[in-house]
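>>> Sequence unavailable; structure follows:
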């Protein structure tokens with residue numbers, strides 16, 4: 001196996017169990033006692049809530065051979081947003097082929113795309129090979145010694161740790177966006193199809209408008225995109241605002257491509273084919289459409305392929 005034969009991507013589907021197994025092995029090797037179901041809940045919550053962090057996997061020959069878990073945080077030491085490379089593990093049979101470097105490069109790119117200004121990690125004593133790799137990649141030694149004091153077991157007992165933590169932090173500033181449309185049925189056909197690859201589904205709200213968000217019950221801290229009549233009584237023609245567009249996060253580059261294709265097939269107009277936009281950053285992959293009323297809508301993925 002060669003490093004260039006390795007695919008780095010966000011964990012998804014059947015790869016999740018393999019990633020959890022590798023992380024469990026990593027923790028066990030470092031004498032970290034964590035029940036498998038607790039680890040699985042924590043990893044699953046991180047995968048579902050990308051604003052808290054990311055789980056990346058390295059795939060080769062149709063199987064997962066490495067995993068990296070990042071958490072996003074805010075630190076005064078770096079002057080703002082940063083990322084913590086919580087765990088990085090490469091299966092023994094895949095070592096020496098550049099998998100660790102590829103995962104670290106992807107972690108750096110992911111942290112940059114999330115607006116972080118630094119990436120921190122820790123090393124156990126005796127890992128000279130990994131230490132040498134990180135130094136060659138520009139990491140510098142830190143003089144501090146890490147300490148920890150567990151607070152309680154609320155997180156460990158929570159069925160959904162992220163949902164529990166959301167109940168204990170401030171709401172996000174942006175609650176929803178509303179787009180006026182001239183023909184709700186026509187708009188629904190476009191948005192139902194175009195937003196499905198992004199994991200957004202229609203939710204019926206009040207007559208004359210539809211909200212789009214993740215499946216399931218609405219979250220108190222969630223965000224929704226509404227489409228509906230600007231004036232249900234007069235049904236005045238919609239006039240899109242110049243310079244305004246809505247950009248929605250896509251989990252993968254393939255989701256960006258499917259968003260674009262589905263939108264074109266359901267009344268949208270092409271404003272920019274799927275592709276990299278390196279003027280924003282190296283991994284900015286987006287596609288642009290005009291909906292049937294002329295509103296500009298984008299799907300973007302910030303992660304490397």
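Yep, that arrived. On a predicted model such as this, the values are computed, not experimentally measured, just so you know.
>>> okay, now residue 139: neighbour count?
Counted by other CB atoms under 10 Å, the residues lying close to residue 139 total 17. Glycine gets a C-beta too; all of them are placed from N, C-alpha and C.
>>> okay, now the residue nearest to it when sequence neighbours are not counted: neighbour count?
Of all residues not flanking residue 139 in the chain, residue 121 sits nearest, at 7.2 Å (CB to CB, 6 or more residues apart in numbering). The local packing of residue 121 (other CB under 10 Å) involves 18 other residues.
>>> secondary structure class for residue 272?
At residue 272, secondary structure determined by DSSP: H, G, I helix; E, B strand; the rest coil is strand.
>>> SS state for the nearest residue to it once chain neighbours are set aside?
With sequence-adjacent residues excluded and distances taken as CB to CB, 6+ apart, residue 272 is closest to residue 288, at 3.5 Å. Here residue 288 is strand, with the state taken from three-state DSSP.
>>> OK, contacts around residue 288?
By CB atoms under 8 Å, 6 or more residues apart in numbering, the residues touching residue 288 are 245, 270-272, 296-298.
>>> and stretch 45-61, how far out from the chain's middle?
7 Å (CA atoms, centre = their mean, to the nearest Å).
>>> Stretch 62-81 now?
Centroid separation for stretch 62-81 versus its chain: 12 Å, with CA atoms, centre = their mean.
>>> rewinding a little: could you pick out the buried ones from the contacts of residue 288?
Neighbour-count burial (16 or more other CB atoms under 10 Å) applied to the contacts of residue 288 gives 296-298.
>>> The residue sitting nearest the centre point of the chain is in what secondary structure piece?
The centroid of the chain falls nearest to residue 50 when counting by CA atoms, centre = their mean (3.8 Å). Secondary structure from DSSP states H and E places residue 50 outside every helix and strand.
>>> my read: it touches residue 214, true?
No: judged on CB atoms under 8 Å, residue 50 makes no contact with residue 214 at a distance of 11.7 Å.
>>> got any ranges where the stretch 151-300 of the chain has weak pLDDT?
Low-confidence segments of the stretch 151-300 of the chain, defined by pLDDT under 70: 151-173, 217-223, 230-236.
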